[in-house]
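In: Need a 3D model of the sequence below.
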Amino acid sequence: MLPVQRLFSLSAWRTRRKNTLVLNWVEDQMYRNGISKFHAVGFCIWFAAIALMGKVMASNIIWIRHNYQPHNATNTMIMHSIMCNLLARLSTKQICLEDYYGQEVLPHPLYLTDEQIKLNIVAANVSIAPRKFAFVGAIKAYKGIHNVLEHWPSAQPMLITGRCEHIAYAKKLETIIKRRSLNVECRYGYLSDRELESILQSYEYIILAHDDNRMISSGTFYHAITFGCNLLCLPSKFTLAKAAEHDFVHVLTPSKFTPDNIERLPLIPRKQVMQEALLHYSREKIRNAWRTLLS
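Out: You can find the predicted model right below:
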């Protein structure tokens, strides 16, 4: 594996009939957090140039697509559309991270090595404490936690924690919590890896409520199952596909968030969740998938 800058070298020209160019998540790079429009256009031109050069300097172009829409997109997605159309035309293989999307699949990685997860499986204990629910990660409207709060049982505790850059959205959440007298704690701010892992180790259920047609795959899902969490989800193509595969994925419409339904929600033990995660998404699975793609 070599850095993409080597694509422009004389040695790459000599081996162009054997070269493979991997373009991973490039269609979203123009929408990085905090960059100016000028830099976004620069990213668009740069990655377009790489893709076009790849057609000359490589015999195989693999495009790995992560989402339907960029995480930080607002109103216009012209550059995203241009890049997706270009990559669709130039790539020899289009890869995604989920089976349901209907293309060749490269499994999404877990957030620890196989060896680390195996050690955690040995150390895992059966939870006897009251079940705890959390929403973790960047707090954005498309992640849909407001839809959950509108129907969440008033007496059931929940933690919402992560960075929220849009004050208006944070106020919206706080308004719902106050209006419905919810037992919900909001902790706004950047979560370090250690803080996030601590939450995933101590909360049984992680809430996944993304809008449909926004994401092909969810990093939150894979982060949660790395540590043995169950998932409580709103319906989407992604969550329904995962619920069909895994008993630890529980899909409910917001109207079903009644106290009785939440209390009776199945809880798959952490050890079993981590074992199943390894079975489907281990590093060895990913290595085997790459061998197939590059053969």
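In: Can you give the domain ranges for the protein?
Out: Per automatic domain parsing, the structural domains of the chain span 4-96, 114-281.
In: how long is the shortest one from one end to the other?
Out: Counting by CA to CA, to the nearest Å, you get 20 Å between the two ends of domain 4-96.
In: quick one on the thing from earlier: so for residue 293, which of the domains of the chain sits nearest?
Out: domain 4-96 (6.3 Å; CB to CB). (Glycine included, C-beta is placed from N, CA and C.)
In: same question for that closest one, mean pLDDT?
Out: Mean per-residue pLDDT for domain 4-96: 85.
In: try stretch 129-147
Out: Here stretch 129-147 scores 92 as its mean pLDDT.
In: Mind listing what's buried along it?
Out: Buried positions in stretch 129-147, judged by neighbour count with 16 or more other CB atoms under 10 Å: 132, 133, 134, 135, 136, 137, 139, 140, 143, 144, 145, 147.
In: Just the C-alpha atoms of it, please, in PDB.
Out: Output of stretch 129-147 as PDB, limited to C-alpha atoms (Å, rounded to 0.1, in the frame of the first residue of the first chain):
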ATOM      1  CA  ALA A 129     -27.900  -3.200  37.200                       C
ATOM      2  CA  PRO A 130     -30.800  -1.100  35.800                       C
ATOM      3  CA  ARG A 131     -30.600  -0.800  32.100                       C
ATOM      4  CA  LYS A 132     -29.100   2.400  30.800                       C
ATOM      5  CA  PHE A 133     -29.600   4.200  27.500                       C
ATOM      6  CA  ALA A 134     -27.300   6.600  25.800                       C
ATOM      7  CA  PHE A 135     -27.000   8.600  22.600                       C
ATOM      8  CA  VAL A 136     -23.300   9.300  21.800                       C
ATOM      9  CA  GLY A 137     -21.300  11.200  19.200                       C
ATOM     10  CA  ALA A 138     -21.800  14.400  17.300                       C
ATOM     11  CA  ILE A 139     -25.300  15.800  18.000                       C
ATOM     12  CA  LYS A 140     -26.800  16.800  14.700                       C
ATOM     13  CA  ALA A 141     -30.400  17.000  13.400                       C
ATOM     14  CA  TYR A 142     -30.000  14.200  10.800                       C
ATOM     15  CA  LYS A 143     -29.100  11.800  13.600                       C
ATOM     16  CA  GLY A 144     -32.700  12.200  14.700                       C
ATOM     17  CA  ILE A 145     -32.500  12.100  18.500                       C
ATOM     18  CA  HIS A 146     -35.300  14.800  18.700                       C
ATOM     19  CA  ASN A 147     -37.600  12.200  17.200                       C
END
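In: Contacts only, for residue 40.
Out: For residue 40, the contacting residues are 30, 31, 32, 79, by CB atoms under 8 Å, 6 or more residues apart in numbering.
In: Please report which of the residues you listed has the highest neighbour count.
Out: Neighbour counts for those (other CB atoms under 10 Å) peak at residue 30, which has 26 neighbours.
In: From residue 97, how far off is that one?
Out: Residue 30 sits 20 Å away from residue 97, taking CB to CB, to the nearest Å as the criterion.
In: again, but for residue 53
Out: Using CB to CB, one obtains 26 Å as the distance from residue 53 to residue 97.
In: Those two - which one has more neighbours?
Out: Per other CB under 10 Å, whichever of residue 53 and residue 97 has more neighbours is residue 97, with 24 against 15.
In: follow-up on the earlier one: how about the buried residues of stretch 129-147 in JSON lines, adding distance to residue 118 and secondary structure?
Out: JSON lines is the format used below for those (distance: CB to CB, whole Å; DSSP: H, G, I helix; E, B strand; the rest coil):
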{"residue": "132", "distance to residue 118": "25", "secondary structure": "coil"}
{"residue": "133", "distance to residue 118": "27", "secondary structure": "strand"}
{"residue": "134", "distance to residue 118": "25", "secondary structure": "strand"}
{"residue": "135", "distance to residue 118": "28", "secondary structure": "strand"}
{"residue": "136", "distance to residue 118": "24", "secondary structure": "strand"}
{"residue": "137", "distance to residue 118": "26", "secondary structure": "coil"}
{"residue": "139", "distance to residue 118": "33", "secondary structure": "coil"}
{"residue": "140", "distance to residue 118": "34", "secondary structure": "coil"}
{"residue": "143", "distance to residue 118": "31", "secondary structure": "helix"}
{"residue": "144", "distance to residue 118": "34", "secondary structure": "coil"}
{"residue": "145", "distance to residue 118": "33", "secondary structure": "helix"}
{"residue": "147", "distance to residue 118": "37", "secondary structure": "helix"}
